[in-house]
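Peer 1: Next comes the sequence, and after it the predicted model I'd like to discuss.
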Amino acid sequence: MPTIEAPPDRPVTVFDIGGTYVRRGRWRPRDPDRLHEYSKRPSPTLRLHPGSTVGELRVRLVRDLCEAVPIEPDAVAGISFGAALDHRTGTVYASAPMWGPHDDAFDLRGALSQGRPDVQWHIVNDVTAALLHYASTDACRDRRKVLLTTVSTGIACRTIDRSTGEIPVDGCGLQGEIGHLPSRAAIEGKAVDLPCDCGAPDHVASFSSGPGLQRMAEVTRERNPEGWKRSALSAGLDRGDGFESALRRALDSGDAVAGALLAAAARPLAEVLTAALCLDPTIDRVALTGGVATGLGDHYRRSLVDRILNAGPYLTGKRAPEWIEERVVLCRADEANGLIGAGLAALSGAARVSAEERST
């Protein structure tokens, strides 16, 4: 990727805002693989504060972020935010894990700049931040175009051209909000209709995300009660295991019900990735990250790859399956860190601001 000239010792305060926690750290360009002063606190969400309005939650978030940046000369902060946002302006459109179906635009960068005008704020989507870190690692050294998909409470992807460092966006400053594409799924040969956290029905995330998997499991139990009772997945849940732990153990044991459940749930995402590879064969790495993908490990990857091989791209799965197999990989835990990506985004943004100031 293109190198970025910036002061090597300038510390960056970095944040990763998710639906459960706001993580914070300090990052330095000279030591890019390490974080210092790490901490986390619960995110101000509707789930945690059910009596609050979205406006009140936003005020709380801005206050917390402003207070967490040290007062220092030339202060810089980078934010990785689990939200659909305009990367050009820092305007947040929606965040279902934080604010449910609420989708009134929020000028987050403007609010932060008003609260702490001494800080240079840089804001990117959490998937963009993870991709920036992943694209900087040795895992992508010989790859030009990289697509990273996160599978957790939500689903989204981003694509970067490493030769230019560009992550293209559309007219709203967005890219890769695939979790909210309409989709379909079936259990026991019958269509399934499920809600998405954004409030709409039958999105990719309705089925393939972490909450989607659990909803699909409920449908499986209703439609195949006898098979469910005999399954290792049911036994794990009856023992008190958490859903993802029970599912992972059941998959490890070769449980047929768990395998069919995962195949059905992963299919909508697999079809999106199939279309991506069909439309743009210059994508030479599809990386999977997020709690569901990493928690289920190669079981999740295998379900995706099997569906891609069986359903397209046309003829490639049959004649050159290795072309697909070697492209779809799981990220290691240390390869797609949103905090480090927020630091890289801030470094790039700070360099751009400096260049603009020099030209005026």
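Peer 2: Structure received.
Peer 1: now the strands for the stretch 251-360 of the chain?
Peer 2: 283-289, 328-330 (DSSP state E, counting those that start in this stretch).
Peer 1: would you turn these into a markdown table with mean neighbour count, mean pLDDT and distance to Trp121?
Peer 2: All C-beta atoms are positioned from the backbone trio N, CA, C, and that covers glycine. Formatted as a markdown table, those follow (neighbours: other C-beta atoms under 10 Å; pLDDT from 0 to 100; distance: least, C-beta to C-beta, whole Å):
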| stretch | mean neighbour count | mean pLDDT | distance to Trp121 |
| --- | --- | --- | --- |
| strand 283-289 | 22 | 97 | 25 |
| strand 328-330 | 18 | 98 | 32 |
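Peer 1: For Ala200, which of these is the nearest?
Peer 2: Closest approach to Ala200 among the strands of the stretch 251-360 of the chain is made by strand 283-289 (24.2 Å; C-beta to C-beta).
Peer 1: What strands line up against that closest one, and which way round?
Peer 2: Sheet pairing of strand 283-289 (DSSP bridges) gives strand 145-151 (parallel), strand 328-330 (parallel).
Peer 1: Is it possible to get JSON lines of those strands that adds distance to Ser43?
Peer 2: Formatted as JSON lines, the strands paired with strand 283-289 follow (distance: least, C-beta to C-beta, whole Å):
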{"stretch": "strand 145-151", "distance to Ser43": "17"}
{"stretch": "strand 328-330", "distance to Ser43": "26"}
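Peer 1: So which of those is nearest Ser209?
Peer 2: Nearest to Ser209, of these and by C-beta to C-beta, is strand 145-151 at 6.5 Å.
Peer 1: What is the distance between the helix or strand following that closest one and the centre of its chain?
Peer 2: Next along the chain after strand 145-151, taking DSSP states H and E as the criterion, comes strand 155-161. How far strand 155-161 lies from its chain's middle: 9 Å, per C-alpha atoms, centre = their mean, to the nearest Å.
Peer 1: Next: stretch 264-274.
Peer 2: So, by C-alpha atoms, centre = their mean, the centroid of stretch 264-274 is 16 Å from its chain's centroid.
Peer 1: Show residues contacting it.
Peer 2: Outside of stretch 264-274, the residues within contact range by C-beta atoms under 8 Å, 6 or more residues apart in numbering are 147, 149, 151, 155, 178, 181, 183-187, 192, 204, 206-208, 212-213, 216, 286, 300, 303-304, 307-308, 311-313, 328.
Peer 1: Give me the subset of the residues you listed lying in helices.
Peer 2: 204, 206-208, 212-213, 216, 300, 303-304, 307-308, 311 (DSSP state H).
Peer 1: Turn the buried ones among those residues into a named PyMOL selection, would you?
Peer 2: In PyMOL, a selection of the buried entries from those looks like this (16 or more other C-beta atoms under 10 Å):
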select buried, resi 204+206+207+208+212+213+216+300+303+304+307+308
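Peer 1: picking that back up, reformat the strands of the stretch 251-360 of the chain as a markdown table; add distance to Ala111.
Peer 2: As requested, these are exported to a markdown table (distance: least, C-beta to C-beta, whole Å):
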| stretch | distance to Ala111 |
| --- | --- |
| strand 283-289 | 29 |
| strand 328-330 | 37 |
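Peer 1: Check the residue nearest to Gln214 when sequence neighbours are not counted and give its pLDDT.
Peer 2: With C-beta to C-beta, 6 or more residues apart in numbering as the criterion, Gln214 has its nearest non-adjacent residue at 5.4 Å, and that residue is Phe243. Per-residue confidence (pLDDT) for Phe243: 97.
Peer 1: before we move on, what about His102?
Peer 2: With respect to pLDDT, His102 has a value of 86.
Peer 1: No further questions, thank you.
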